[in-house]
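Colleague: following is a predicted model, sequence given first.
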Amino acid sequence: MSAHPTQLMSLSQYLIEEQLKLPQATGDFTALMSHLVYAAKVVSREVRKAGLLENILGATDQTNVQGETVMKLDEYADKIFTHTLTRCGHLCVMGSEEQEEIIPIPTGYKIGKYTIAIDPLDGSSNIDANVSIGTIFSVHLRTSPQGTPGVKEDLLQKGSKQRAAGYIVYGSSTMLVLCVGKGVSGFTLDPSCGEFILSHPEMKMPESGGIYSINEGNYDYWSDEVKNYIRNIKSIEGGRKPQSLRYIGSLVADFHRNLLKGGIFLYPNDTKSSKYPKGKLRLLYEVAPMALIAEQAGGMAVTVEGKRILDLEPEELHERTTFVVGSKKEVEHFLTFIKK
């Protein structure tokens, strides 16, 4: 559902209206979001002209903490978000999927009450192929004493305690999908005025869907439960209509499509490599924020063992987990294949 042209609302207006509903609100979160949005606009601009700039496309000669090749635009996005957010005065500490340790607030800058964990450029391996990529972020209220430098424990909180979560998809348009407590709203960047405009109020994920998203090339390395589930949803047996495979390989893009159209996304663990025994996606930077959005839009998010994602207690900054997320009925159907 899209906003009527005569009822256009900018993201800043939306946040102020939400702020006014809370008597105890100080405006700090609204200010934090304005800095995040500024950085996102800068990254969006660079993504749009990536094909014209030789120093943006391609890979660097570095690998990140995950052991993955760092793309040039990946590195650029990380620098923009880190520089902007650590100096905004509303964070006590920051975590980035691209950096091994916590990112402290630079000396001389105000220390705030929030934390942010961010994947600056999800799906970066797709950059050179001009496929949709994105940014994912998660906001918590600090647990350490106010006014002191933030610590790692401020970031290591359950997903259920998130104060906000969202993602920005850089596709045919640049769109911000945001959850600031209850419900999910989508904002599309209007290049003519440089503002994110409310385009998808009260987003709801369909209860069921005909799309499944998984890297089926790894089929032989999955558990029997996952194999049985995939065979089932592709079969005409049992009266179910066979589902269609749609897999982009960019979490933001796959999730966004399923949020709008309904479906299920799976990233199970496999035996292909002993490097990722618990799965490959990062709990803090990717999985927890997407799980909050999914649940607030009416969907579900669990591990392949059936544990609720938002109940997981992270122990490491770069902890990984399996991920099954999507329409409620589709995830519930998946759970019937899990050993009790």
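Modeller: Now that the structure is in, tell me what you want to look at. Residues are numbered from 1 along each chain as shown.
Colleague: now Thr82: how far from Met290?
Modeller: 21 Å (C-beta to C-beta, to the nearest Å). All C-beta atoms are positioned from the backbone trio N, CA, C, and that covers glycine.
Colleague: looking at the two, which is more packed in?
Modeller: Taking neighbours as other C-beta atoms under 10 Å, Thr82 and Met290 compare with Met290 leading, 30 against 18.
Colleague: roughly how far is whichever strand or helix holds the more buried one from the heart of the chain?
Modeller: Following DSSP states H and E, one finds Met290 within helix 288-296. With C-alpha atoms, centre = their mean, to the nearest Å as the basis, helix 288-296 stands 8 Å off its chain's centre.
Colleague: average model confidence for the following helix or strand past it?
Modeller: Downstream of helix 288-296, the next assigned helix or strand under DSSP H and E is strand 300-302. For strand 300-302, mean pLDDT rounds to 98.
Colleague: could you do stretch 145-156 as well?
Modeller: 97.
Colleague: buried ones in it?
Modeller: Gly150, Val151, Asp154, Leu155, Leu156 (16 or more other C-beta atoms under 10 Å).
Colleague: partner residues bridging the residue most central in space within the chain?
Modeller: Closest to where the C-alpha atoms of the chain average out (C-alpha atoms, centre = their mean) is Ile136, at 3.5 Å. Taking DSSP bridges as the rule, Ile136 bridges to Asp119, Tyr167.
Colleague: so how far is Glu286 from it?
Modeller: Going from Ile136 to Glu286 by C-beta to C-beta gives 6 Å.
Colleague: identify the contacts common to the two.
Modeller: Counting by C-beta atoms under 8 Å, 6 or more residues apart in numbering, the common neighbours of Ile136 and Glu286 are Asp119, Asp122, Leu251.
Colleague: give me the pLDDT for the second one.
Modeller: What that stands for is Asp122. On the pLDDT scale, Asp122 gets 91.
Colleague: next: the last one.
Modeller: According to the per-residue confidence, Leu251 scores 95 in pLDDT.
Colleague: what does Ser274 give?
Modeller: 77.
Colleague: what is the neighbour count of it?
Modeller: 6.
Colleague: can you show me the strands along the stretch 201-340 of the chain?
Modeller: Counting by DSSP state E, counting those that start in this stretch, the segments of the stretch 201-340 of the chain that form strands are 211-213, 244-245, 264-267, 281-282, 300-302, 320-321, 323-326.
Colleague: okay, the ones you listed in CSV with mean neighbour count and distance to Gly108 next?
Modeller: Shown next, in CSV, are the strands of the stretch 201-340 of the chain (neighbours: other C-beta atoms under 10 Å; distance: least, C-beta to C-beta, whole Å):
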stretch, mean neighbour count, distance to Gly108
strand 211-213, 23, 45
strand 244-245, 13, 52
strand 264-267, 24, 41
strand 281-282, 21, 31
strand 300-302, 22, 40
strand 320-321, 22, 35
strand 323-326, 27, 39
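Colleague: and the ones you listed: which comes nearest Glu75?
Modeller: Closest of the strands of the stretch 201-340 of the chain to Glu75 is strand 281-282, at 17.7 Å (criterion: C-beta to C-beta).
Colleague: list the contacts of the closest one.
Modeller: So strand 281-282 is in contact with Gln66, Glu97, Asp119, Leu251, Tyr267, Val287, His318, Glu319, Arg320, Thr321, Thr322, Phe323, going by C-beta under 8 Å, 6+ apart.
Colleague: quick revisit: and the strands of the stretch 201-340 of the chain: which comes nearest Asn232?
Modeller: Per C-beta to C-beta, nearest to Asn232 of the strands of the stretch 201-340 of the chain: strand 211-213, 10.6 Å.
Colleague: contacting residues for Gln162?
Modeller: So Gln162 contacts Ser138, Val139, His140, Ala288, Pro289, Leu292 (C-beta under 8 Å, 6+ apart).
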